[in-house]
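In: I need the structure of the sequence given here:
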Amino acid sequence: MLRARSHTYDVISMDIIWPAAFGANGWTVPISESQWPQSERQKYLQAPIQGCTYNGKLWAVPHSSEPGMLFYRKDLISTPPGSWEDLTRMAKSVSPSKTKFGYVWQGAQYEGLVCDFIEVLYSYGGSVLDSNDSKKVTVNSPEAVQALTEMVSWVGSISPDAVTTYKEEDARSTWQNGDAAFMRNWTYAYTLGNDPANSKIAGKFDISPLLPGGSNKTGYSCIGGWQLGMNAFSSNQEAAWKFIQYMISEPAQKFVTINESIFTTLKSIPGDPDVVAKIPFIGKVSEALQNGKARPTTPVYPDVTNAIQLRIHQALTRQTSPAAALSALQSDLQAIVSK
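Out: Numbers count the residues shown, from 1 in each chain. Below you'll find the model as predicted:
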């Protein structure tokens with residue numbers, strides 16, 4: 001549609017990985033300072049705003065955001081771990097003696113693996129691309145080797161060998177069956193896990209933000225969510241902008257949070273008493289969102305994610321070492337972003 005310069009749609013809802021590509025192709029128009037000044041932008045979560053920024057311009061406005069979370073069995077673990085190393089130790093203390101597996105997550109060769117990998121990578125202090133230069137690859141670092149080595153160590157120890165085939169629903173079904181002490185998943189799994197008709201662990205678990213690694217003190221969640229951009233070929237851009245302004249306004253953001261359990265980007269929403277009454281765990285989600293980070297911001301993201309999926313999965317399945325996988329990934333990504 002956009003390649004054909006169609007003006008059928010005025011506002012486009014985009015995944016967090018799309019704004020850079022849409023902007024680079026001239027399909028959306030940048031949001032100007034006069035439209036949305038910095039004084040207003042500061043009221044919203046900064047990680048999704050950064051994910052919508054490319055070449056110094058903002059190509060969409062974040063409407064909603066969702067972080068990866070750590071789920072833990074509070075009947076087995078009294079308090080959540082403080083680091084990835086703690087998780088490993090605690091998982092070993094209860095598995096297989098009290099539960100079949102220690103930790104389940106998304107290890108299949110697909111987009112979910114990229115989310116899981118960069119969460120551990122960021123938490124150890126690593127990165128994929130330079131935040132100030134999307135053509136500079138930084139993934140082959142000591143921090144990245146440490147992070148990937150940690151992930152590889154889970155496979156076949158605290159995590160089942162089959163975790164390298166797991167997607168979100170595979171992890172959730174194992175978790176809800178009572179077969180794991182810890183799980184990484186999105187917030188949708190909270191309500192489903194507390195349904196006694198379908199879950200063996202209803203009321204027996206809690207969630208916490210994801211964990212730091214190594215010498216770091218902060219853990220980082222990969223953020224999902226949806227952003228609103230304006231079609232560059234629309235003849236209704238003024239009206240489109242007014243619609244976007246409404247969608248990120250306090251009444252609209254509060255409405256979708258309460259009624260749809262969508263975690264919006266206006267910072268004040270998680271503290272609203274009406275929201276807290278409806279979603280009591282929103283404080284933990286808010287904490288995770290405050291420390292959330294987007295996947296690499298680049299107009300060639302489809303090629304970037306395919307390269308990450310391939311090389312990280314090769315390491316997890318022990319086809320190659322973590323160091324060799326990251327060295328190959330560095331070369332792959334440099335060739336991709338330099339085109």
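In: tell me which stretches of the protein form strands.
Out: All strands of the chain, identified by DSSP state E, fall at 11-15, 53-54, 57-58, 61-62, 66-67, 69-73, 101-104, 129-130, 133-137, 180-185, 205-208, 221-224, 226-230, 292-293.
In: got the ones you listed as JSON lines, with mean neighbour count and mean pLDDT columns?
Out: Using the backbone N, CA and C atoms, a C-beta is placed for each residue, glycine as well. Converted to JSON lines, the strands of the chain look like this (neighbours: other Cβ atoms under 10 Å; pLDDT from 0 to 100):
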{"stretch": "strand 11-15", "mean neighbour count": "18", "mean pLDDT": "96"}
{"stretch": "strand 53-54", "mean neighbour count": "20", "mean pLDDT": "94"}
{"stretch": "strand 57-58", "mean neighbour count": "18", "mean pLDDT": "96"}
{"stretch": "strand 61-62", "mean neighbour count": "27", "mean pLDDT": "98"}
{"stretch": "strand 66-67", "mean neighbour count": "25", "mean pLDDT": "94"}
{"stretch": "strand 69-73", "mean neighbour count": "23", "mean pLDDT": "97"}
{"stretch": "strand 101-104", "mean neighbour count": "26", "mean pLDDT": "98"}
{"stretch": "strand 129-130", "mean neighbour count": "16", "mean pLDDT": "95"}
{"stretch": "strand 133-137", "mean neighbour count": "16", "mean pLDDT": "93"}
{"stretch": "strand 180-185", "mean neighbour count": "27", "mean pLDDT": "98"}
{"stretch": "strand 205-208", "mean neighbour count": "20", "mean pLDDT": "96"}
{"stretch": "strand 221-224", "mean neighbour count": "26", "mean pLDDT": "94"}
{"stretch": "strand 226-230", "mean neighbour count": "24", "mean pLDDT": "97"}
{"stretch": "strand 292-293", "mean neighbour count": "25", "mean pLDDT": "94"}
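In: for Q38, find the nearest of those strands.
Out: strand 57-58 (10.6 Å; Cβ to Cβ).
In: who are the packing partners of the closest one?
Out: Under the contact definition 3 or more Cβ pairs under 8 Å, 6 or more residues apart in numbering; DSSP states H and E, strand 57-58 sits against no other helix or strand.
In: contacts for that strand, please.
Out: The list of residues contacting strand 57-58 from outside it, by Cβ atoms under 8 Å, 6 or more residues apart in numbering, reads G23, P30, I31, W36, I49, C52.
In: please identify which of these is nearest to P280.
Out: Checking these against P280 with Cβ to Cβ, the nearest one is I49 at 27.3 Å.
In: quick check: that closest one vs W36, distance?
Out: From I49 across to W36, the span is 10 Å (Cβ to Cβ, to the nearest Å).
In: pull the contacting residues for the residue nearest to L329 when sequence neighbours are not counted.
Out: Closest residue to L329 apart from its sequence neighbours, by Cβ to Cβ, 6 or more residues apart in numbering: R311 at 4.0 Å. Going by Cβ under 8 Å, 6+ apart, R311 touches A325, L326, A328, L329, D332.
In: do L45 as well
Out: Taking Cβ under 8 Å, 6+ apart as the definition, contacts of L45 comprise P62, S65, T265, K267, L289, Q290, G292.
In: can you give me the separation between it and D15?
Out: Separation of L45 from D15 (Cβ to Cβ) stands at 16 Å.
In: can you redo the contacts of R311 as TSV with neighbour count and pLDDT?
Out: Formatted as TSV, these follow (neighbours: other Cβ under 10 Å; pLDDT from 0 to 100):
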residue	neighbour count	pLDDT
A325	24	98
L326	24	98
A328	17	98
L329	24	98
D332	19	98
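In: now, those that are in helices?
Out: Among those, the members falling in helices (DSSP state H) are A325, L326, A328, L329, D332.
In: and which of the residues you listed is nearest to R318?
Out: Nearest member of the ones in helices among the contacts of R311 to R318, counting by Cβ to Cβ, is A325, at 10.1 Å.
In: so that closest one is in contact with A315, correct?
Out: Yes. Between A325 and A315 there is a contact at 3.8 Å, judged by Cβ atoms under 8 Å.
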